[in-house]
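> Just a sequence and a predicted model for now, questions to come.
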2 protein chains.
Amino acid sequence: MPGLTQARVVQIERDILATNDNHAADNRARFAAAGTFVLNLVSSPGSGKTTLLVKTITDLKDQHPIAVIEGDQQTANDAQRIRATGAPAIQINTGKGCHLDAHMVGHALDQLPPARDGLLFIENVGNLVCPAAFDLGEAHKVVVLSITEGEDKPLKYPHMFAAADLLLLNKIDLLPHLDFDLAATIEYARRVNPKIEVLTVSAKSGEGMPAFYAWIAKRAAAARAAAKAAE
Amino acid sequence: MPGLTQARVVQIERDILATNDNHAADNRARFAAAGTFVLNLVSSPGSGKTTLLVKTITDLKDQHPIAVIEGDQQTANDAQRIRATGAPAIQINTGKGCHLDAHMVGHALDQLPPARDGLLFIENVGNLVCPAAFDLGEAHKVVVLSITEGEDKPLKYPHMFAAADLLLLNKIDLLPHLDFDLAATIEYARRVNPKIEVLTVSAKSGEGMPAFYAWIAKRAAAARAAAKAAE
């Protein structure tokens, strides 16, 4: 590579990640002070993240203040879908970029500060590779995999499944129409991340969503309690 | 960004792309000399690229020598599925990388030289963002979109749809079970790329595949004729 050694590229990647981690720590401190519980939703394009968020907001908005930060290369479609639920949403367009970074999220927080005892969902750019490396300051990464995508994705994209604490297997309503081996998929996910939790859901039919809400409620209560204790 | 200006990052991206383009030109010269017709298949994870290739190879292997270069972060699953058809396949694992580059493909060609008057399919890493920027020396990028992924993907990931010459809308057999607007999807694809050709297919049922084979046959014949004329 003329004028650009592999070692130099690796050094630059390290610098970028170190800078990101500084911004992520700032975001995390803001979330902790407010008692805001934050999930970073990652997946391929079309796994159903936005539909899942619309359903979640509709079902939980009477219990918590909820806000959303949306990441896409282009369009504000997703933020518009979220705002139709009544929840505030900020759209970040990454242009040629393949992931959100903590600095972009920090700017979004300047416009949409963390709500006291609230929930914040960050919907990352649809991409099973790049967002894995970037901490945004979230409590957990949640990887959404549509069952139309095939069983072997955890093995083929292991960094993302290793980085996530929860796997949502979405579009479970389509199971009768597909050749899809649910048990094998879960086994592959646990092979790359033995601690990953797994829930099967259909954001469209609502099946399995209460278990996701219970998962959130338990962790959000702990975030609120920690913020109160630190006052 | 301490020690790393935005201008410096942009300059490095330019250097990487210029280096890639040199390798892509070398690959393209090797393909042209052999009369090998090369497609670079790009999509999200799980759009059905490998199933589409298995079906295509099964149906066309008596007419042309066919080979495949497979790109994934991890595993040799896809190359194994291809080899089960009898076609040779090389697996490239990109590790943390989100796309193939022309240099990796050049190394694969050292192991699997372009066949005289053959077809070569390059299955890129499942990612709708990063592979758009990297020319591998192919004749055409073909973007595969499963109809389970939703209509708005061409607008949200415009660089990939702008870079492709053909859009294959796959899994059309699932249309009765989905809320999916085919006409809107095609309209969005043409909005970002007015020249893109569109075919609807099901690699599983075989529906629409003959039109894809006819699309290939016409262009592969031109590649063979050009190689013969240059002798």
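Cool, got the structure. Numbering: from 1, shown residues only, chains lettered A, B, ... in the order given.

> Confirm that A:Asn40 sits in a strand.
Yes - according to DSSP: H, G, I helix; E, B strand; the rest coil, the state of A:Asn40 is that of a strand.

> What is the burial count for the nearest residue to it once chain neighbours are set aside?
Spatial nearest neighbour of A:Asn40, excluding adjacent residues (CB to CB, 6 or more residues apart in numbering or on different chains): A:Glu138 at 3.8 Å. Heads up, the C-betas are built off the backbone N, CA and C, glycines and all. Neighbours of A:Glu138 under the rule other CB atoms under 10 Å in any protein chain shown: 24.

> I figured A:Glu138 hits A:Leu39, correct?
Yes - with contact defined as CB atoms under 8 Å, A:Glu138 reaches A:Leu39; the gap is 6.0 Å.

> Overlap in contacts, those two.
Contact criterion CB atoms under 8 Å, 6 or more residues apart in numbering or on different chains; residues shared by A:Glu138 and A:Leu39: A:Ile122.

> just for chain A, where's the confidence low?
Across chain A, the ranges flagged by pLDDT under 70 are A:1-4.

> Quick check, central residue of it?
Taking CA atoms, centre = their mean, the centroid of chain A lies closest to A:Leu41, which sits 1.5 Å from it.

> Just confirm that one contacts A:Val144, I think it does.
Yes - judged on CB under 8 Å, A:Leu41 makes contact with A:Val144 at a distance of 6.1 Å.

> just checking, what packs against the longest helix seen in chain A?
As assigned by DSSP state H, the longest helix anywhere in chain A is helix A:6-34. In terms of contacts (3 or more CB pairs under 8 Å, 6 or more residues apart in numbering or on different chains; DSSP states H and E), helix A:6-34 is packed against helix A:102-111, helix A:209-229, helix B:6-34.

> Next, the angle helix A:102-111 makes with that helix.
Orientation check (axes from the mean of the first three to the mean of the last three CA atoms, to 10 degrees): helix A:6-34 against helix A:102-111 gives 30 degrees.

> tell me the angle helix A:6-34 makes with helix A:209-229.
80 degrees.

> Identify each buried residue in helix A:6-34, please.
For helix A:6-34, the neighbour count (16 or more other CB atoms under 10 Å in any protein chain shown) marks A:12, A:15-16, A:19-20, A:23-24, A:26-28, A:31-32, A:34 as buried.

> ok, now which ones touch the residue nearest to the centre of chain A?
A:Leu41 neighbours (CB under 8 Å, 6+ apart): A:Lys49, A:Leu52, A:Leu53, A:Phe121, A:Ile122, A:Glu123, A:Asn124, A:Lys141, A:Val142, A:Val144.

> List the beta-bridge partners for the fifth one.
Residues found in beta-bridge contact with A:Ile122 (criterion: DSSP bridges) are A:Asn40, A:Ile69.

> ok, it to chain B distance?
A:Ile122 is 16 Å from chain B, where distance means CB to the nearest CB, to the nearest Å.

> Surely that residue touches A:Glu138?
Yes - counting by CB under 8 Å, A:Ile122 does reach A:Glu138; the two are 6.3 Å apart.

> Common neighbours of the two, please.
By CB under 8 Å, 6+ apart, A:Ile122 and A:Glu138 have these common neighbours: A:Val38, A:Leu39, A:Asn40.

> From those, pick the one nearest chain B.
Distance ranking of the shared contacts of A:Ile122 and A:Glu138 against chain B, using CB to the nearest CB, places A:Asn40 first at 17.2 Å.

> Please work out how many residues are found near that closest one.
The burial count for A:Asn40: 26, using other CB under 10 Å.

> and the gap between it and A:Arg28?
Distance of A:Asn40 to A:Arg28, computed by CB to CB, to the nearest Å: 11 Å.

> my guess is A:Val42 contacts A:Met160, does it?
Yes - A:Val42 lies in contact with A:Met160 (CB under 8 Å); the separation is 6.1 Å.

> Compare these two (neighbour count), which wins?
Shown here are A:Val42 and A:Met160; by other CB under 10 Å, A:Val42 has more neighbours (31 against 28).

> three-state assignment of A:Gly71?
strand.

> What residues does it make contact with?
A:Ile92, A:Thr94, A:His99, A:Leu100, A:Met104, A:Ile122, A:Glu123, A:Asn124, A:Val125.

> Tabulate these (TSV), appending neighbour count.
What follows is the contacts of A:Gly71, written out as TSV (neighbours: other CB atoms under 10 Å in any protein chain shown):
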residue	neighbour count
A:Ile92	21
A:Thr94	19
A:His99	21
A:Leu100	27
A:Met104	22
A:Ile122	27
A:Glu123	27
A:Asn124	28
A:Val125	24
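
> Which one of the residues you listed is nearest to A:Ser202?
A:Glu123 (18.2 Å; CB to CB).
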